[in-house]
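Colleague: Turn this into a structure:
(3 chains)
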Amino acid sequence: MIEESVVFWIGALIFALSSLMFTFLGNRNSSRRYLFNSHVFVSFITTISYCIMALGLATVTAESGDLIYWTRWLFYAGSCSILTFDIATIAKKPNEKKAEVAIFTTLTMFCGYLASIILTVDRWLFFGLSTAAYIGMLYSIFTKSSKDSSEISNIKWFILVTWSLFPLVWVLAPTGFGIITVDITASLYLALDIVTKIIFGIYMHTHHTLST
Amino acid sequence: MIEESVVFWIGALIFALSSLMFTFLGNRNSSRRYLFNSHVFVSFITTISYCIMALGLATVTAESGDLIYWTRWLFYAGSCSILTFDIATIAKKPNEKKAEVAIFTTLTMFCGYLASIILTVDRWLFFGLSTAAYIGMLYSIFTKSSKDSSEISNIKWFILVTWSLFPLVWVLAPTGFGIITVDITASLYLALDIVTKIIFGIYMHTHHTLST
Amino acid sequence: MIEESVVFWIGALIFALSSLMFTFLGNRNSSRRYLFNSHVFVSFITTISYCIMALGLATVTAESGDLIYWTRWLFYAGSCSILTFDIATIAKKPNEKKAEVAIFTTLTMFCGYLASIILTVDRWLFFGLSTAAYIGMLYSIFTKSSKDSSEISNIKWFILVTWSLFPLVWVLAPTGFGIITVDITASLYLALDIVTKIIFGIYMHTHHTLST
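Modeller: Numbering: from 1, shown residues only, chains lettered A, B, ... in the order given. Sure, this is the predicted structure:
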């Protein structure tokens, strides 16, 4: 447990700093000043999630003896639905589609939580339901809206490629087939979190200031 | 436990198919295409709920030895608040009233969850609070808005009659006085779920396509 | 446990009556009739919270032997985010800012819940995160919007002063340094709940009827 704990503390520190960074970016940037500063919440919720995992507060032990940090997925339900809601806003989707995208994201992560906390073969049922909700979310995001620019298209492909690596790690990790160890799992998720939540957030701040 | 498990698996299958059906109905129907496809979420959330009950993942045992599947009510908090929000939208309520209806529904189901998971006589206190929130929800839905058509009136009466059978089953089931058995309870809830979530959804798709 | 139980039952009764009062105030007052009646929900959610604490349904025992009623903070996540959303609405904030204020409130209370249920020194980490989210909420509320009247300014200062007493009680109570006893803690929280939720609600009903 000690090894992945270090990874989690590093994650907590990085996302705490990233919460502060997005707070200041949001305030300095006058054109986004009165807009919803989603990246602050995404980073802050991820900070709470990493603190809980670092302290080992809520885990289950797989048959292999590996610890499974299932709380991660409940926090993704919060942070990632804020993220996809914001992407749908930038893609100028109508309010109904924004809600659709956010609910699909919540259901994806909630089923991911069930798949993680259940240790028997039944977990694959919830992995399947999670995948179904994920496909629904991607479909809602990818459906062409009349005002789509090519830049929005880049964002969509970025989401498709990077977010799809999360279930891949899940399948390889002790939650799935147990091919990779707990600390490598933690490191891979951290790398993906940094790419999809911090680097993506910085990209959005620098490119979508005027267009939103 | 085996008997009601069969009922729950049938429910999971029916609602999985119904999720797919509403997905295709929503896409084919161009006039509702850009609208919020609430019935997909209602059926999908119900599918997750039935899978959890079928696997017997989270139950409490009443004094009578009967299993109580309390998770049902937490999933209703999600699915039914989406449903009443959609009904309020079709009834052309202002946004504040839509939120009111959805929050009352969430509170009704949340108190229903408390009433189900608590095994002592105290559960009737939460049954009372649930009933109070339910009356608030009905009152919010029934309050006349200026644009009400007679068809909206039919929907309101349908909701009043069919939804009020849920607490009736609750009172007769092991959660209340234990007059009916667990498998009959499961079957009655399934019948009510099909009427209020699938048949109602099909009716809404065929009748409210143009008017919304 | 018996002593604070009396305080909790009194709280449940007061907030049940206050739920009824705001229901009738909202209906009588025609100009607010079609508006979101937030104070009904705030009082009703608080009623559920007090019933759960009065019955002692979910507590942890601190090292000192004192009972910690951690559910309180989860219900605040619901009731207080409705309250700050309403304040942001009255302050005529844009929708994005309303969502920001409500999410900051939810995160403040959620971290408060974690700080309360965790009994080790680690709880102070979550107390710190809760404080950070609280500062974010206050900052979002206090940021000047173009249409601010002096009355809105009074409301803001009222929130700052009265809400900041909650973490002060938390620090003095068994959740923090254990300087005050469980029943005095319960009484102080009840007094604060009455001021911030009932008296504040009556003030809002009498002063902000026409301006909203």
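Colleague: For chain A, give me the ranges with low pLDDT.
Modeller: A:1-2, A:28-35, A:144-151, A:208-212 (pLDDT under 70).
Colleague: so who does the residue positioned nearest the centre of chain A touch?
Modeller: Central residue of chain A (Cα atoms, centre = their mean): residue A:80, 4.4 Å from the mean position. With contacts defined as Cβ atoms under 8 Å, 6 or more residues apart in numbering or on different chains, residue A:80 is in contact with A:42, A:105, A:108-109. Bear in mind the C-beta positions are built from the backbone N, C-alpha and C, glycine included.
Colleague: Redo those residues as CSV? Include secondary structure.
Modeller: Below are the contacts of residue A:80 laid out as CSV (DSSP: H, G, I helix; E, B strand; the rest coil):
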residue, secondary structure
A:42, helix
A:105, helix
A:108, helix
A:109, helix
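Colleague: Put together a markdown table for these, with distance to residue A:139 and neighbour count on each row.
Modeller: Shown next, in a markdown table, are those (distance: Cβ to Cβ, whole Å; neighbours: other Cβ atoms under 10 Å in any protein chain shown):
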| residue | distance to residue A:139 | neighbour count |
| --- | --- | --- |
| A:42 | 23 | 27 |
| A:105 | 12 | 29 |
| A:108 | 12 | 29 |
| A:109 | 17 | 23 |
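Colleague: what's the most distant pair in those residues?
Modeller: For the contacts of residue A:80, the maximum inter-member distance is 15.7 Å, found between A:42 and A:108 (Cβ to Cβ).
Colleague: Now do the helices in chain A.
Modeller: Assigned helices in chain A, in chain order: A:2-28, A:38-54, A:71-90, A:95-117, A:123-142, A:150-163, A:165-172, A:182-193, A:200-207 (criterion: DSSP state H).
Colleague: Would you mind finding the most buried of these?
Modeller: Mean neighbour counts were compared across the helices of chain A using mean count of other Cβ atoms under 10 Å in any protein chain shown; the top stretch is helix A:38-54, at a mean of 25.
Colleague: Need the CA coordinates for that one. PDB is fine.
Modeller: C-alpha atoms of helix A:38-54 as PDB (Å, rounded to 0.1, in the frame of the first residue of the first chain):
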ATOM      1  CA  SER A  38     -15.400  24.600 -14.400                       C
ATOM      2  CA  HIS A  39     -11.600  23.700 -14.300                       C
ATOM      3  CA  VAL A  40     -11.300  24.900 -10.700                       C
ATOM      4  CA  PHE A  41     -14.000  22.400  -9.700                       C
ATOM      5  CA  VAL A  42     -12.600  19.600 -11.700                       C
ATOM      6  CA  SER A  43      -9.200  20.000 -10.100                       C
ATOM      7  CA  PHE A  44     -10.600  20.600  -6.600                       C
ATOM      8  CA  ILE A  45     -12.800  17.500  -6.700                       C
ATOM      9  CA  THR A  46      -9.800  15.500  -8.000                       C
ATOM     10  CA  THR A  47      -7.800  16.800  -5.000                       C
ATOM     11  CA  ILE A  48     -10.300  15.500  -2.500                       C
ATOM     12  CA  SER A  49     -10.400  12.100  -4.400                       C
ATOM     13  CA  TYR A  50      -6.600  11.800  -4.200                       C
ATOM     14  CA  CYS A  51      -6.500  12.700  -0.500                       C
ATOM     15  CA  ILE A  52      -9.000  10.000   0.300                       C
ATOM     16  CA  MET A  53      -7.000   7.400  -1.800                       C
ATOM     17  CA  ALA A  54      -3.700   8.500  -0.200                       C
END
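Colleague: quick one: that helix to helix C:123-142, angle?
Modeller: 170 degrees (axes from the mean of the first three to the mean of the last three Cα atoms, to 10 degrees).
Colleague: Please give the centre-to-centre distance between helix A:38-54 and its chain.
Modeller: A distance of 10 Å separates the centroid of the chain from that of helix A:38-54, by Cα atoms, centre = their mean, to the nearest Å.
Colleague: do stretch A:80-87 as well
Modeller: Per Cα atoms, centre = their mean, the centroid offset for stretch A:80-87 relative to its chain is 9 Å.
Colleague: Any chance of CSV for the contacts of residue A:80, columns distance to residue B:131?
Modeller: Formatted as CSV, those follow (distance: Cβ to Cβ, whole Å):
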residue, distance to residue B:131
A:42, 39
A:105, 34
A:108, 34
A:109, 33
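Colleague: of all those, which comes closest to chain C?
Modeller: Looking at the contacts of residue A:80 and their distance to chain C, the nearest is residue A:42, at 10.7 Å (Cβ to the nearest Cβ).
Colleague: Please list the residues of chain A that sit near chain B.
Modeller: A:94, A:96-97, A:99-100, A:103, A:107, A:110-111, A:114, A:118, A:122, A:125-126, A:129, A:132-133, A:136 (Cβ under 8 Å from any Cβ of the partner chain).
Colleague: is it true that residue A:159 touches residue A:141?
Modeller: Yes: using Cβ atoms under 8 Å, residue A:159 is in contact with residue A:141, at 6.7 Å.
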